[in-house]
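Asker: no FASTA, just this:
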């Protein structure tokens, strides 16, 4: 019988190789959580899941019961998630950065009565704060027991497995419910397209609380029966050490870090990355030179686009062998039951011609059914397609498979005097400047044109800080239209990012808006 739930996948992995390594903490766990690093085989992991499930059951948790979770990226986090799946309960994980506002909204939205958390070095009052904020919710620590057992629960694939949260970059975070079947279908596509097997050793630098951590790491890990090492927050020295010590074969790294590492040949040459076969990256357009450079070192860069709601694109070497194309383009998914189309936002007409920008819309077995409480009924169009809010265009003059190009978020377009400017397009070009370590392009208010192009930039250590004139000269060398050139630059120590690493642009826009209102 084929697996019907994520717990079925876990039990299958345990039965296949109980004594094989399964899960490990980062070596700096004491700095993250205060505890000592742990390493578990699949049999030991299974016992810990059983004990945690038994503990939750003793607190009244059963099939369909929502359980709030806020833990650092240590072994207790996946154990607690997997314990919920074993019970048929609904895991409601929160990023560790969420505080009172998000927790209050979370309990009001998801309605959990049990909240699993613990004090940490960076949040010594976490339990007390959660207890005060959540009122009648029972705030408990994660199970550390190894004894106790739970009878297997028959959990249908249609049963709700999780409620995760949108990034919350605008407005209130929305609860995204996902079923076991939705997670498992998404995982099966990744396991197949990325070639993940039981022999892989995966390094997870994302918090296991959303699509990146659960869908991109946890579920593929249990489906393949591989090994998973945890890491977060990103500490480059520790991360590089884990790549070597754990003999990692697959991981995920942000584009900026990949650029920086590739630019430091002496550092790369000092590392033993002989086991590393593939790195996924995304959330921003990739630089072709970077993808080409890593490929020259024998490491495949996989271009990834995805969302908590279930839209997912993968550009792999097997499908898009040219590294320059793989950096910029995604193949239209060729997956059973999955549909993709581009739609003109003004007319609602489906786009078939290349180089015409439209909103990406998705449907299929990976796509969620709607936010909790119908928080955004307009997220689906009249034909039932999920409206991603992301702008793409088909690429001209490409043979099969048909390729798409990410343009920008629909709401991340700068409108300067009626001309639309893609922030992502400029960010990719500005990132090539040697004096720029990181950047974000946003609209700066202008009374005449509406908006002008502004840049927040993080200077590269050891380089002369970038200047506005220098950036303009750099961009002119790329032969772009003059109306796209930036007219404002502000140097910043670090860009504000949400728990999954995306730049919080509303915070940057608000910074300039407030300055304009103050007459600055």
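Answerer: Good, I have the coordinates. Everything numeric here is computed off the predicted structure, so don't read it as measured data.
Asker: Give me the buried positions along stretch 141-154.
Answerer: 142, 143, 148, 150, 153 (16 or more other C-beta atoms under 10 Å). Where C-beta positions appear, they are placed from N, C-alpha and C, glycine not excepted.
Asker: ok, and what's touching that stretch?
Answerer: With contact meaning C-beta atoms under 8 Å, 6 or more residues apart in numbering, stretch 141-154 is reached by 4, 7, 11, 44, 47-48, 50-57, 63, 71, 76-77, 79-80, 83, 86-88, 116-118, 127.
Asker: In helices, which of the buried residues of stretch 141-154 appear?
Answerer: Applying DSSP state H to these, no entry is found in helices.
Asker: Flag the shaky bits of the stretch 201-350 of the chain, pLDDT-wise.
Answerer: 284 (pLDDT under 70).
Asker: quick one, helices of it?
Answerer: 219-224, 236-245, 255-262, 265-270, 288-296, 323-328 (DSSP state H, counting those that start in this stretch).
Asker: Out of the ones you listed, which is closest to residue 415?
Answerer: helix 323-328 (23.8 Å; C-beta to C-beta).
Asker: on that earlier part again, I'd like the buried residues of stretch 141-154 laid out as CSV, including distance to residue 455 and pLDDT.
Answerer: Shown next, in CSV, are these (distance: C-beta to C-beta, whole Å; pLDDT from 0 to 100):
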residue, distance to residue 455, pLDDT
142, 43, 96
143, 48, 93
148, 56, 77
150, 54, 83
153, 53, 82
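Asker: List the contacts of residue 21.
Answerer: Counting by C-beta under 8 Å, 6+ apart, residue 21 touches 39, 40, 41, 227.
Asker: Strands of the stretch 1-150 of the chain, start to end?
Answerer: Taking DSSP state E, counting those that start in this stretch as the criterion, the stretch 1-150 of the chain carries its strands at 21-24, 39-41, 66-70, 90-93, 114-117, 138-140.
Asker: For residue 91, give the beta-bridge partners.
Answerer: Note on residue 91: beta-bridge partners by DSSP bridges are residue 67, residue 162.
Asker: Number of residues surrounding it?
Answerer: Close neighbours of residue 91, defined as other C-beta atoms under 10 Å, add up to 27.
Asker: again, but for residue 203
Answerer: Neighbour number of residue 203 under other C-beta under 10 Å is 24.
Asker: measure it to residue 232 for me?
Answerer: Per C-beta to C-beta, to the nearest Å, residue 203 is found 10 Å from residue 232.
Asker: who wins for proximity to residue 511 among the strands of the stretch 1-150 of the chain?
Answerer: strand 66-70 (28.4 Å).
Asker: Now do the contacts for the nearest residue to residue 364 once chain neighbours are set aside.
Answerer: Ranked by C-beta to C-beta, 6 or more residues apart in numbering and with sequence neighbours excluded, the top spatial neighbour of residue 364 is residue 338, at 3.7 Å. Residue 338 makes contacts with 362, 363, 364, 365, 366, as judged by C-beta under 8 Å, 6+ apart.
Asker: ok, now with 10 Å
Answerer: 185, 189, 310, 311, 312, 332, 362, 363, 364, 365, 366, 367 (C-beta atoms under 10 Å, 6 or more residues apart in numbering).
Asker: looking at it, the first one is touching residue 337, isn't it?
Answerer: Put plainly, it is residue 185. Yes - between residue 185 and residue 337 there is a contact under C-beta atoms under 10 Å: 8.2 Å.
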